[in-house]
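1. Okay, here's the prediction I keep looking at, along with the sequence it came from:
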Amino acid sequence: MSRDTAFTQAAAALGYSFDGEIKLGGNYVALARDGHHVYVSGQVPRVGTEVVVTGRAGRDVTLAQAQLAAKICALRALALLQRSLGSLDKVRAILKVNVFTQSAEDFTQLSEVADAASGLLHEVLGPQAGAHARTSVGVFQLPKNATVELDLVAVVD
Amino acid sequence: MSRDTAFTQAAAALGYSFDGEIKLGGNYVALARDGHHVYVSGQVPRVGTEVVVTGRAGRDVTLAQAQLAAKICALRALALLQRSLGSLDKVRAILKVNVFTQSAEDFTQLSEVADAASGLLHEVLGPQAGAHARTSVGVFQLPKNATVELDLVAVVD
Amino acid sequence: MSRDTAFTQAAAALGYSFDGEIKLGGNYVALARDGHHVYVSGQVPRVGTEVVVTGRAGRDVTLAQAQLAAKICALRALALLQRSLGSLDKVRAILKVNVFTQSAEDFTQLSEVADAASGLLHEVLGPQAGAHARTSVGVFQLPKNATVELDLVAVVD
């Protein structure tokens, strides 16, 4: 199965499609490329124009919902790479993923939230290109009250 | 208008000058360079020795004040690059900007705060070099009770 | 004194050893390498299987305890580099260090916490390779209720 097919299936399994415009605010770009490196801007779990998982993990949303949010963020990052490169087959490696979770005061399962994003990257890109260094922290707020925000650095052909 | 003039005008428009020493704490450096890449340390809205915007956005300070803080952080980052490179004309690209805002519990306009910094980078560096990937999150505290902290990665000649 | 000796002494001075397995959760890797660059995943102050400093700086733990946590995070990052490279002598430079501190609402000594990590990097790697750009922020939660999390980007031979 090609990575692009794996991407479409992973999105469909969650009931989402990323075919439309990928909305961005402000004076910045979704991806900044420098040679073989691409920096992907922080993605919130937005599908179309709606942020589909909002609120504080451990208070307003469950771990499972926060994990869904993390997967959607990862899918958006992949959708942006796919659109820019033509195909996810051009992703050589994911170097670093940062996962920010809007947390309740005592919600410490930040790694568990980030694992959902890491798992999705593995599922779509395979174990080699999908492997990555990672940092997960619990933050106080996120844009649009999103539950999760994720950014990454990729190496591409 | 040269970028260095645009920088001076942008600072003057806010009523600030960055001519003096740029104060740093501790055992780290303001900029770390590796080949054509420069990592700029996290900047708070300090002018001279004073952090001029402090407190929590959405509680102690307004969105407009937080946006001013973001602009000052961006100006400091540019001042450091200018001082190190001799001129901002040597900045090829800004790859990634991270904007951390000390937020009230329900303050979700993190992108709006970061837009002020992104706008300033555009204004000074122009639309091409000023474009950048970005991540904005709301954090619980910042050094010296600063309202905003910003770091970035630049590509330079 | 070699860097590897300096590392062992710095760990011993704190009463810790990093000889055993360095535990990682989930679908990610401790270090992702791309050419001469290594991204080290976010490290919490874990020794063996136990996170040894937990809770909120400025409420549950003192500044001194948070500084100890920051040093342990830095030692773990160095231990991972040493294990991967064979020796810390192969570290050319540390480009960027991010220090996230789980903070009380009014705890603003984030730079002071991060200084402990920066100081340790200097002590082990020397003033040239140990110099680095840095960002320190206060976050709302961290994995396993850790007091500090630290990640970094290194240039290696």
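-> Cool, got the structure.
2. Could you see whether chain B lies near stretch A:85-97?
-> No - using C-beta under 8 Å from any C-beta of the partner chain, stretch A:85-97 never reaches chain B; the gap is at least 10.8 Å. C-betas here are computed from N, CA, C, even on glycine.
3. Return the alpha-carbon coordinates of that stretch using PDB.
-> Extracted as PDB, the C-alpha positions of stretch A:85-97 are listed here (Å, rounded to 0.1, in the frame of the first residue of the first chain):
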ATOM      1  CA  LEU A  85       5.500  17.500  -2.500                       C
ATOM      2  CA  GLY A  86       3.000  15.800  -4.700                       C
ATOM      3  CA  SER A  87       3.200  12.600  -2.700                       C
ATOM      4  CA  LEU A  88       4.200  11.400   0.800                       C
ATOM      5  CA  ASP A  89       6.700   9.100  -0.900                       C
ATOM      6  CA  LYS A  90       9.000  12.100  -1.000                       C
ATOM      7  CA  VAL A  91       9.200  12.300   2.800                       C
ATOM      8  CA  ARG A  92      12.600  10.800   3.800                       C
ATOM      9  CA  ALA A  93      12.300  11.300   7.500                       C
ATOM     10  CA  ILE A  94      10.500  13.100  10.200                       C
ATOM     11  CA  LEU A  95      13.200  14.600  12.500                       C
ATOM     12  CA  LYS A  96      11.200  16.200  15.300                       C
ATOM     13  CA  VAL A  97       7.600  16.400  16.400                       C
END
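4. does any part of that stretch sit near chain C?
-> Yes - for stretch A:85-97, a contact with chain C is found by C-beta under 8 Å from any C-beta, at A:Ala93, A:Ile94, A:Leu95, A:Lys96, A:Val97.
5. Quick check: buried residues in that stretch?
-> A:Leu85, A:Leu88, A:Val91, A:Ala93, A:Ile94, A:Leu95, A:Lys96, A:Val97 (16 or more other C-beta atoms under 10 Å in any protein chain shown).
6. contacting residues around the residue nearest to the fifth one when sequence neighbours are not counted?
-> Closest residue to A:Ile94 in three dimensions, ignoring its sequence neighbours and counting by C-beta to C-beta, 6 or more residues apart in numbering or on different chains: A:His132, at 4.0 Å. Residues counted as contacts of A:His132 (C-beta atoms under 8 Å, 6 or more residues apart in numbering or on different chains) are A:Ala93, A:Ile94, A:Leu95, A:Lys96, A:Val97, A:Ser118, A:Leu121, A:Leu152, C:Tyr28, C:Val29, C:Ala32.
7. ok, the second one touching A:Gly126?
-> Translated: A:Ile94. No - applying C-beta atoms under 8 Å, one finds A:Ile94 not in contact with A:Gly126, separated by 10.9 Å.
8. In helices only, show me the contacts of A:His132.
-> A:Ser118, A:Leu121 (DSSP state H).
9. need the contacts of A:His132 in CSV with distance to B:Val148 and pLDDT, can you?
-> Formatted as CSV, the contacts of A:His132 follow (distance: C-beta to C-beta, whole Å; pLDDT from 0 to 100):
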residue, distance to B:Val148, pLDDT
A:Ala93, 32, 96
A:Ile94, 29, 97
A:Leu95, 27, 97
A:Lys96, 23, 98
A:Val97, 24, 98
A:Ser118, 30, 96
A:Leu121, 30, 95
A:Leu152, 23, 98
C:Tyr28, 29, 90
C:Val29, 32, 93
C:Ala32, 29, 96
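10. now, which of the contacts of A:His132 sits nearest chain B?
-> A:Leu152 (9.8 Å; C-beta to the nearest C-beta).
11. which residues touch the residue nearest to that closest one when sequence neighbours are not counted?
-> Among residues not flanking A:Leu152 along the chain, A:Val97 sits closest, at 4.6 Å (C-beta to C-beta, 6+ apart). Taking C-beta under 8 Å, 6+ apart as the criterion, A:Val97 is in contact with A:74, A:114, A:117-118, A:121, A:132-135, A:150-152, C:28.
12. partners of the longest strand along chain A in the sheet?
-> Secondary structure of chain A per DSSP state E: the longest strand is strand A:91-102. When sheet partners are counted by DSSP bridges, strand A:91-102 sits next to strand A:133-139 (parallel), strand A:148-156 (antiparallel).
13. Show me what A:Lys96 is bridged to.
-> A:Ala133, A:Val153.
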